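Colleague: Predicted model, plus sequence, below.
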Amino acid sequence: MADDGSVQSAATWPVPEFHFSVEISDVGKISCKEVSGLDIEFDVIEYRSGDMPGFTKVKMPGLKKSGDITLKKAMFKNDKKLWDWINTIKMNTIKRASVTIALLDENGDPAQSWKLTNAWPKKYSVDGFKADGNNVSMETIVLAHEGVTPA
């Protein structure tokens with residue numbers, strides 16, 4: 001088939017950031033405006049034995065750590081799914097969940113996805129209200145978790 005521009009490869013364009021989904025086990029899918037904090041980092045272990053010929057340290061990967069995930073979402077009337085999950089948290093008792101964050105293609109299928117292990121809501125806040133404002137009421141949920149992996 002000749003390349004006349006009538007057919008475009010899906011690999012030609014990168015996936016845009018604005019089409020994504022968030023699903024929390026036992027809570028379900030939630031509509032979010034923003035997801036941030038999706039990262040992985042390794043501690044660095046430096047070591048040098050006394051008989052090494054060079055005058056530098058060897059750097060090795062140590063423990064893997066991940067930052068907290070922040071979800072920003074609009075508030076909806078009678079939407080209490082997240083509150084029900086937050087209310088399960090008691091001292092030394094946490095209902096942990098698996099969270100899947102997916103970047104979606106033009107058909108709504110996951111192009112790339114990540115899974116958070118043993119996540120739980122660490123912080124909840126509401127952006128605030130203004131008598132002369134006309135923005136949507138937003139809530140922010142910060143999730144602590146024990147690791148992120150490609151799903």
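Modeller: Cool, got the structure. Given the structure is predicted, the values throughout are model-derived calculations rather than measurements.

Colleague: Pretty sure Asp26 sits against Arg96.
Modeller: No - Asp26 is beyond contact range of Arg96, at 9.6 Å (criterion: CB atoms under 8 Å). Where you see a C-beta, it was placed from the backbone N, CA and C, and this is true even at glycine.

Colleague: Tell me which of the two has more neighbours.
Modeller: Shown here are Asp26 and Arg96; by other CB atoms under 10 Å, Arg96 has more neighbours (16 against 12).

Colleague: which is the next helix or strand following the lowest-mean-pLDDT helix or strand in the chain?
Modeller: Scoring the helices and strands of the chain by mean pLDDT, DSSP states H and E places helix 81-86 at the bottom, with a mean of 87. Next in sequence after helix 81-86, counting helices and strands by DSSP states H and E, comes strand 97-104.

Colleague: Provide the strand pairings for that following strand, with the direction of each partner.
Modeller: Here strand 97-104 has these sheet partners by DSSP bridges: strand 20-24 (antiparallel), strand 110-126 (antiparallel).

Colleague: Quick one: distance of the last one to the chain centre.
Modeller: Remark: strand 110-126 is offset 5 Å from the chain centroid, using CA atoms, centre = their mean, to the nearest Å.

Colleague: Kindly report the same for the first one.
Modeller: Offset of strand 20-24 from its chain centre (CA atoms, centre = their mean): 9 Å.

Colleague: So for the helix or strand just after it, what gets flagged as buried?
Modeller: Remark: after strand 20-24, the chain's next helix or strand is strand 28-30, criterion DSSP H and E. Residues of strand 28-30 classed as buried by neighbour count (16 or more other CB atoms under 10 Å): Ile30.

Colleague: gap between strand 28-30 and the chain center?
Modeller: That offset, for strand 28-30, works out to 14 Å (CA atoms, centre = their mean).

Colleague: do you know how far Asp43 is from Lys57?
Modeller: 14 Å (CB to CB, to the nearest Å).

Colleague: who's more crowded, those two?
Modeller: Lys57 (13 against 10).
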